[in-house]
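Enquirer: Sequence and predicted model, in that order:
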Amino acid sequence: MLDPQIIFAGILNGLLAGGIYVLVAVGLTLIYGVLHIINFAHGSLLMLAMYAVFYLWRLLGVDPYVALPLVIAGAFVFGFVLYRLVIGRFNHGRDENILLITLGLSIVIDNAALLFFGGDTQTIDVPYAGSFVELGAAFLPLPKIISFAASLLLCAILGLYMAKSDTGKAIRAVAKERQGARLVGIDVDNIFAVSYGIGIACLGAAACLLMPTYYVTPSSGHAFVLVAFTIVVLGGMGSFVGAAVGGFIIGITEALGGLLLGEQLGQIGISLIFILILLLRPTGLFGSKA
Amino acid sequence: MSPRTLLCLVGLAAAVIFPLLAPNYLINVGMMVFFVAFIGQSWNIAGGFAGQTSFGHVVFFGTGAYTSTILQVTYGWNPWLAWPIAMAAGAAVGWMIAVLSFRAGLRGSYFALITLAFAEVFRILANSVPFTRGGLGMLIKADPRPINFQFRDPIWFYYLTLLLCVVAILIAWQLTRSRFGARLVAIRENEEAARALGIDVFAEKVRVLTLSGAMCAAGGTFYAQKYLYIDPNIAFGVDKSVEMLLVSMVGGAGTIFGPLIGSVALTGINEVTRWLASVVPALKNVQPLSLVVYGIMLVLIVARLPDGLMGLFRRKPRHA
Amino acid sequence: MKKHVGKPVSRRGFVAGTTALATLGFPAILRAQPAAVKVGLIHPVTGFVAYNGQQNRLGGTMAIEDVNKAGGIKSMGGAKIEALLGDSQSKVEVGVAEVEKMNEQGVAAYIGCFQSPVGIAASQAASKYNTPFLIDVGASDLIVSRGLKNVFRLKPGFGVCVDDGIASLGALNKAAGGVAKSAVIVHESGEFGTGTAKLLQGKLPSIGIEAKELIGHDNPTRNFDNIALRIRSLAPDVIMMSNYGNEYMLLARTLYQQKVNVAGFFSILGGGFNYKFVKEMPDVSQYMMDVNHWYNPRSPQAQELKKRVEATGALFTFEVYLTYTNVMLLADALERAASADKEKLTAALAASTFKAELMPYGPTKFVNGQNQGGKPGVMQALKGDIEVIAPEEFASAKAVFPKPKLN
């Protein structure tokens, strides 16, 4: 049907797109794994981070990649504080309530952004946006290659942190067994806040990597979150490795589905995979128990 | 007669008399309150009573809307006759999703997410297949005569949604008194224990989702008849799923009157904030502000009332 | 005095009350300021398309200000127009609720709603009260195919835009020696994009171009890399687009970055073809052509309004001048009807021959609610600005087709 060159190019495109998806998904899966909540505010927070990147570029002339450490740190603090002041405070320990709170938060954030930033679409123009690498039939834009590489790097760093550092171990302990962790003296509430903060920090990174090739409006975060949910389930809810692998799989599926079935039906491919995984292997590729 | 029953009857009487005194605009608001309460109750039965939270309930709504509209517009069926078919379609979809999901052992967040995925699949399909006219949407010819399930006077739409809401409340009330309902609550509280007690958990969950699907689909048909136009986004967009779950949870999930109270409260807040935005000169052009206020109020309600608004009327919380 | 109109009374009582008041009449001395004519503006000022809705509202409120400054509706004793502002939140039921609310407030006419589904439902609701409903933006031809007497659409529907686009493209292609033989159509998957794409597919052969493929995409789309890849493998001569602002811009940028070479980009109602796009991305937009609602660049009023709008920091997008023009159409009808009475106003609108000074339109002529005199313009982005290349009498520059290759 389609020339293998094109298929190969599609796979490459998918991998690159996956880079961003992975970051968004990793944050979501971390928050789910530790706090057992589906963070409805994820898309809105991504949007906020993207505006931060935009204004840093527009007002201070900071290149989005240079801004990475700053935005990641800022996002972490924002997420931590948000959890401490709002989410953690009001949930009375009940998961359904957190859902509603994050939902309410997303409404507030989306409309506050509309109020303060206005509704127009904002883009960033970086000088290297036009550069690309040619590989057969594939034209890989430089910013996307950078975001792919950066995403892998950040995931590796995060993975190491989770595996080796004390906080990382504490986080994994809390994710596995909340009560037990409390019993051995881990400050569980603090870990919750830290985990939420890290989840949002991932969004900060994703924002920096997205802005050179995408755009921001008060509603632009949500498109990525829907696909992030799929990835999180595919990879196994709470599984960090799963989110990383899942992100790339989905990126490729989206690309190939789009090429073979037409863009619209290709999007069905994502939802169908989602359904099939849930039905056949609900724990996902790397998850533990359902 | 218990004070509770008296209160209900007074409320019902007030609801019946209200549109005879109120201007059209308020009748319309009232209709929307009861409509959202009705579809909210369809969610509540599965999500609140049986504890099967779904994020994709709109899939039933859209199924109902499209079924009756296609039968009416493409095949010339009378909409009143198409209505029960739409409900049957909703039931069938409910059954299918339940069987697939529960057979695979999905629970909690997994189940919620798979319903979301199903809704998305239906939306994309509706956009792609010819018999739904895809993205063009479907227009129902305006001919406001009762035989066409269209009414010139909005008061009839109001009474119809009031009736649907009352029926839904009665269904929920029946659940609290029947063995079926008791089994659902047992499943919600502790599925393993319920199984140990001999409850056929799978069958009950399928049953409740089938019922929920039928109810929600009924709402879909009503909506199509009221607004006379549907497209894949209107029929399967995620907004309605959120609305259904929101009114139930804010009102009090698993309670009989929860969705109604939640609908009244949220509509009230919405109307008040929009009125504020139009009346305060400085705020005249800042509609987003009213939504910011709406979101803040939502967070505050959840913060102060973890059991939902019905928690205000209870002595002890329903949940542990 | 008599009945307090503000208190809720029975609906019949309400109507009877106001009629009674009207027939009482007032002594001439008290007739200081005639009652304002209320006009409802319903647009999505929050939600996904908040920007567009806000632009609509800007145009509408500016126009109403202008009418009032010029002395209001003179045949009604200088009655001012009062704007009632409504947010449809992009939802059908909210738009309809606004219609009902404004009806309660005694609105004489509505203008709205940017999105066709909302416009369809809202105008349907308004027809219950026989209140005129002016569709300022809304592409679906379903809007004017329902036989509703109260619906008026000044701007041309996409049928006309497609026809004009085909004619223009055909002329350009002929002048270039028939260099374009194939096209790929990229469209958003809603009613606007799908409808336009299907129409185009059917008509392109008449100018010697084959539509190789129709590629539909969602709103929003996360990235266009795969569509770009597909387009590259199809190697069309012309790429035609029908989508909303963000996707239009993203697709154009992606195709540019991937160095996709074509004879031309020709969009029909390309949502992102505006000054912001052209000024912020001059390289990407250079030589792109669009068939869209545009103002008449030779009209001094249009240029003046453009300056005023830009002075407020806003862009002069089509939402602004379409809603502005609709207010002017309404004001003209009010003048001729000398009354805000619904029947008279509807009749005045139906018989309108209003000449929209800002637009490249002929005099208004409504047939079944659709203005036959409306025309889109054909524009091309040249050197960081937008020039009108057709129709001839409004053109400000000559077209460049085929466009030079990207290296």
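Expert: Everything's here; your move.

Enquirer: Who are the contact partners of A:Ser165?
Expert: Neighbour list for A:Ser165: empty [criterion: CB atoms under 8 Å, 6 or more residues apart in numbering or on different chains]. Every C-beta, even on glycine, is put in place using the N, C-alpha and C of the backbone.

Enquirer: So the lengthiest helix in chain B, near chain A or not?
Expert: For chain B, the longest helix by residue count, based on DSSP state H, is helix B:201-227. No: if you take CB under 8 Å from any CB of the partner chain as the test, helix B:201-227 misses chain A, and the best it gets is 14.5 Å.

Enquirer: Would you mind measuring from A:Ala223 to chain C?
Expert: Look at A:Ala223 and chain C: by CB to the nearest CB, to the nearest Å, they are 5 Å apart.

Enquirer: Tell me the pLDDT of C:Leu154.
Expert: The pLDDT attached to C:Leu154 in the predicted structure is 95.

Enquirer: show me what contacts it?
Expert: C:Leu154 sits next to C:134-136, C:322, C:325-326, C:329, C:356, C:361, C:364, C:371, C:374 when contact means CB under 8 Å, 6+ apart.

Enquirer: What about chain A: which of these touch it?
Expert: Among the contacts of C:Leu154, proximity to chain A is found for none (CB under 8 Å from any CB).

Enquirer: What about these, which are in helices?
Expert: Using DSSP H, those in helices are C:322, C:325-326, C:329.

Enquirer: Now flag whichever of those residues is closest to chain A.
Expert: When the ones in helices among the contacts of C:Leu154 are compared for distance to chain A (CB to the nearest CB), C:Leu322 wins out at 17.5 Å.

Enquirer: shaky segments in chain B?
Expert: Counting by pLDDT under 70, chain B contains low-confidence residues at B:277-278, B:280-286, B:314-320.

Enquirer: Please, where are all the helices along it?
Expert: For chain B, applying DSSP H gives helices covering B:3-21, B:24-44, B:58-73, B:79-103, B:108-128, B:154-177, B:179-189, B:191-196, B:201-227, B:232-236, B:238-251, B:258-279, B:287-304.

Enquirer: How about the stretch 151-290 of chain A: which residue is closest to chain C?
Expert: A:Gly258 (4.1 Å).

Enquirer: Identify the residue nearest the geometric centre of chain C.
Expert: For chain C, the residue whose C-alpha lies nearest the mean C-alpha position (CA atoms, centre = their mean) is C:Val137; its distance is 3.0 Å.

Enquirer: which phi and psi does it have?
Expert: Taking degrees, to the nearest 10, you get phi -130, psi 140 for the backbone angles of C:Val137.

Enquirer: now swap in A:Thr123 and tell me
Expert: Torsion angles, degrees, to the nearest 10, at A:Thr123: phi -130, psi 160.

Enquirer: Which residues are in contact with the nearest residue to it once chain neighbours are set aside?
Expert: Beyond its immediate neighbours in the sequence, the residue positioned closest to A:Thr123 (CB to CB, 6 or more residues apart in numbering or on different chains) is A:Tyr215, lying 4.7 Å away. Listed by CB under 8 Å, 6+ apart, the contact partners of A:Tyr215 are A:121-123, C:246, C:249-250.

Enquirer: So which residues make contact with stretch C:290-310?
Expert: C:58, C:62, C:137, C:155-156, C:161, C:164-165, C:168, C:266-270, C:273, C:315-316, C:318, C:320-322, C:324, C:357-360, C:376-380, C:387-388, C:394, C:396.

Enquirer: Give me the subset of those lying in strands.
Expert: Of the positions in the contacts of stretch C:290-310, C:266-268, C:377-380, C:387-388 sit in strands, assigned by DSSP state E.

Enquirer: Looking at those, which two lie furthest apart in space?
Expert: Pairwise distances across those peak at 17.9 Å for C:Ile268 and C:Glu387 (criterion: CB to CB).

Enquirer: of the two, who's got more company?
Expert: Set side by side, C:Ile268 and C:Glu387 give different neighbour counts by other CB atoms under 10 Å in any protein chain shown, the larger being at C:Ile268 (29 against 17).

Enquirer: if I look at the more buried one, how far off is chain B?
Expert: Separation of C:Ile268 from chain B (CB to the nearest CB) stands at 16 Å.

Enquirer: shouldn't that residue be in contact with C:Val162?
Expert: Yes: at 5.8 Å, C:Ile268 and C:Val162 qualify as touching, with contact defined as CB atoms under 8 Å.

Enquirer: Residues that sit against both of those two, list them.
Expert: Taking CB under 8 Å, 6+ apart as the contact rule, C:Ile268 and C:Val162 both touch C:196, C:200.

Enquirer: Dihedrals phi and psi, residue 152?
Expert: I'll assume chain A. Geometry field for A:Leu152 lists phi and psi as phi -60, psi -40, criterion degrees, to the nearest 10.

Enquirer: Wait, chain C was what I had in mind.
Expert: Per degrees, to the nearest 10, the residue geometry at C:Phe152, taken as phi and psi, is phi -130, psi 130.

Enquirer: thought it was touching C:Pro132?
Expert: Yes: using CB under 8 Å as the test, C:Phe152 is close enough to C:Pro132 to be in contact (6.4 Å).

Enquirer: Now for the two: what residues contact both?
Expert: The contact lists of C:Phe152 and C:Pro132 share C:Leu349, where a contact means CB under 8 Å, 6+ apart.

Enquirer: and residue 135, how many residues sit next to it?
Expert: If you meant another chain, say so; for now it's chain A. A:Leu135 - counted by other CB under 10 Å - has 12 other residues nearby.

Enquirer: Hmm, no, I was thinking of chain B.
Expert: Counted with other CB under 10 Å, the burial measure for B:Gly135 works out to 24 neighbours.

Enquirer: Strands along the stretch 101-250 of chain A, start to end?
Expert: In the stretch 101-250 of chain A, the strands defined using DSSP state E, counting those that start in this stretch lie at A:132-135, A:138-141.

Enquirer: Give me the nearest residue to the residue of the stretch 151-290 of chain A closest to chain C, chain neighbours excluded.
Expert: With sequence-adjacent residues excluded and distances taken as CB to CB, 6+ apart, A:Gly258 is closest to A:Gly266, at 3.5 Å.

Enquirer: Perfect, that will be all.
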